[in-house]
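*Asks:* Got a predicted structure here, sequence first:
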Amino acid sequence: MTDRDRAAGPRRRLRRLQRRLTLAYTLTTLVGVSVLSWLVIHTDGRSWRNAEFDEMLRHAAVSTSLIYYTDAGVQLDGLRDDESTRGRHQVSVLLSRTRIGTPAKGVADGAGKDATGRPAAGRAGGEARTPGAGRPTGAVRPAGPGGLDRVFTSGSRSVPVSGERIAALARTAMDEDVTVREEVPAGDRTAYAVARPFYHDETQETTGAVVVIGDPGLRMAEHTRLTYAVLTGSGLLTLLAAFTGHLLSGRSLRPAWQALEAQERLLADAAHELRTPVAIMRSSMDVAGTDPGKLPTHLPRIRRATDRLTDVVENVLTRGRLQDSAASFSPVALRLDQLVEDACGELPPGRLTLTLRLDESVVDADPALTRVAVRNLLDNALRHGRTPGDPHGGAEIDVSVRGHTVSVADRGPGVAAEELPDLTERFRSRGGGAGIGLSLVREIAAAHGGTLTARARPGGGAVFLLALGPAGQARHARAGAS
């Protein structure tokens, strides 16, 4: 298994976790939106249903109030001109033949005459009936069982409810002396029905009932449009929730992604940096093994590789510390000039010309990280800043401290300011080498609210400037990065 395959495992798990979080967020939103949509649709449908029944109850109440009795019998002429029987509802009047005798002898038709042809009391002559207004009939039609006859039916017949069902509703309203409201079958759909009893004017006996039939489909169009709007809005809201959940889950997993990338960089740095000194030590040991007498000549090379290995381990651990939380960053007030002087004192002896110009300086910085940054600048000057033309490979290094800035100058091949971003990338160095020294210095400077810059040195060479932030800024810079 390659390193890429090993790294792909955690990445796949993080992507899978993001998908699961997105799905959970979407499903939670979908359940909430579905419940809310159901409540809205159900409440609106119930409101339309109640409004339809309320209107039918008003029609039934008005119709019963227009029915009255005279000496000639029950009078229905008031129904044919009233708005309650002209609307979209079907209004039927059913009369009990067992309670008032034969209806044909006591029902006045719309022309002001009863069934015997005599003028009905309270009417003067016969008025022409308005077409489509109602049908108060002289020839009374039986409406079904229970001794009820249908003596009036309005012009609207939009809902095909059977006569037996209408008669049953009227009988229930009369027997129980209550207003009945029900949903009744009407072919392949459902209709609303209201039955209200009416009474004889003198005896107050229940003599019949008014039955109003309504078609809910005519008034539920608004409810249907609302249902479509709610369902469409719910779908769009669910899609928006899925998109938002994906963004939020990605944002919540960002620290995990950053930690994974930091771990991969740390492992890559360690593998890359350790490869060279380990190879040097191994080759030296192999050569010394073939000729033990030459071991003393290889010991300096092995010692240098060991020192380099120690520096690499320290750099890798420092990078890991920088990528850790802010708890591992501990800036304190320290003497920058003394720290630089101590770091210069640790340089290996050899053909080295070192010039120090150290002004007294106090900065707010992490001592361990600052020491690593200064040491890496010095190491970079030793390795890549040797004086051209010196047969012994000597190096001329000038180190100065002024304010919050450390300057390290050499006489190497030099570096242009535009090349600095490439040099501070991982595994890039002057002279085509590879390493993490300068990139680590840049990260340490950024953690302290400072910068790493470079410029050409007059007379040849390069000058690297490590600027640390003023007192108090290091804490804020590190907190913002975290």
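*Replies:* Now that the structure is in, tell me what you want to look at. Numbers count the residues shown, from 1 in each chain.

*Asks:* Alpha carbons of the longest strand belonging to the chain, as PDB, please.
*Replies:* When the chain is parsed with DSSP state E, its longest strand is strand 189-199. The C-alpha trace of strand 189-199 is given here as PDB (Å, rounded to 0.1, in the frame of the first residue of the first chain):
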ATOM      1  CA  ARG A 189     -66.900  11.500  -4.900                       C
ATOM      2  CA  THR A 190     -68.100  12.900  -1.600                       C
ATOM      3  CA  ALA A 191     -70.700  15.600  -1.000                       C
ATOM      4  CA  TYR A 192     -71.600  17.700   2.000                       C
ATOM      5  CA  ALA A 193     -75.100  17.500   3.400                       C
ATOM      6  CA  VAL A 194     -77.000  19.500   6.000                       C
ATOM      7  CA  ALA A 195     -80.500  18.600   7.100                       C
ATOM      8  CA  ARG A 196     -82.600  21.000   9.300                       C
ATOM      9  CA  PRO A 197     -86.100  20.300  10.500                       C
ATOM     10  CA  PHE A 198     -89.000  22.800  10.400                       C
ATOM     11  CA  TYR A 199     -92.200  23.000  12.400                       C
END
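
*Asks:* What is the distance between the next helix or strand after that strand and the centre of its chain?
*Replies:* Counting by DSSP states H and E, the next helix or strand C-terminal to strand 189-199 is strand 206-214. The chain centroid and the centroid of strand 206-214 are separated by 56 Å, computed with Cα atoms, centre = their mean, to the nearest Å.

*Asks:* Quick one: list the elements packing against strand 206-214.
*Replies:* In this structure, strand 206-214 packs against helix 3-65, strand 90-96, helix 97-100, strand 148-153, helix 163-176, strand 189-199, with contacts taken as 3 or more Cβ pairs under 8 Å, 6 or more residues apart in numbering; DSSP states H and E. The way it works is simple: take the backbone N, C-alpha and C, and place the C-beta from them, glycine included.

*Asks:* Indicate which one of the ones you listed is closest to residue 71.
*Replies:* helix 97-100 (12.9 Å; Cβ to Cβ).

*Asks:* Would you point out the helix or strand in this structure whose mean pLDDT is lowest?
*Replies:* The weakest-scoring helix or strand in the chain, judged by mean pLDDT, DSSP states H and E, is strand 141-144 (a mean of 47).

*Asks:* Strands of the stretch 251-400 of the chain, start to end?
*Replies:* In the stretch 251-400 of the chain, the strands defined using DSSP state E, counting those that start in this stretch lie at 332-335, 352-358, 362-365, 395-402.

*Asks:* before we move on, back to that, kindly reformat the helices and strands packed on strand 206-214 as JSON lines containing distance to residue 364 and mean neighbour count.
*Replies:* JSON lines is the format used below for these (distance: least, Cβ to Cβ, whole Å; neighbours: other Cβ atoms under 10 Å):
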{"stretch": "helix 3-65", "distance to residue 364": "37", "mean neighbour count": "15"}
{"stretch": "strand 90-96", "distance to residue 364": "91", "mean neighbour count": "26"}
{"stretch": "helix 97-100", "distance to residue 364": "106", "mean neighbour count": "15"}
{"stretch": "strand 148-153", "distance to residue 364": "98", "mean neighbour count": "24"}
{"stretch": "helix 163-176", "distance to residue 364": "92", "mean neighbour count": "20"}
{"stretch": "strand 189-199", "distance to residue 364": "81", "mean neighbour count": "21"}
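
*Asks:* Quick one: those as CSV, columns for distance to residue 305 and mean pLDDT too.
*Replies:* Formatted as CSV, these follow (distance: least, Cβ to Cβ, whole Å; pLDDT from 0 to 100):
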stretch, distance to residue 305, mean pLDDT
helix 3-65, 24, 86
strand 90-96, 105, 91
helix 97-100, 122, 62
strand 148-153, 112, 89
helix 163-176, 104, 92
strand 189-199, 93, 92
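
*Asks:* which one of these lies closest to residue 371?
*Replies:* helix 3-65 (31.5 Å).

*Asks:* and the closest one, how far out from the chain's middle?
*Replies:* 16 Å.

*Asks:* which outside residues touch stretch 212-227?
*Replies:* 40-41, 44-45, 48-49, 51-52, 55-56, 59-60, 63, 88-92, 158-159, 161, 166, 184, 186, 189-196 (Cβ atoms under 8 Å, 6 or more residues apart in numbering).

*Asks:* Now do the buried residues in it.
*Replies:* 212, 213, 214, 215, 216, 219, 220, 223, 226, 227 (16 or more other Cβ atoms under 10 Å).
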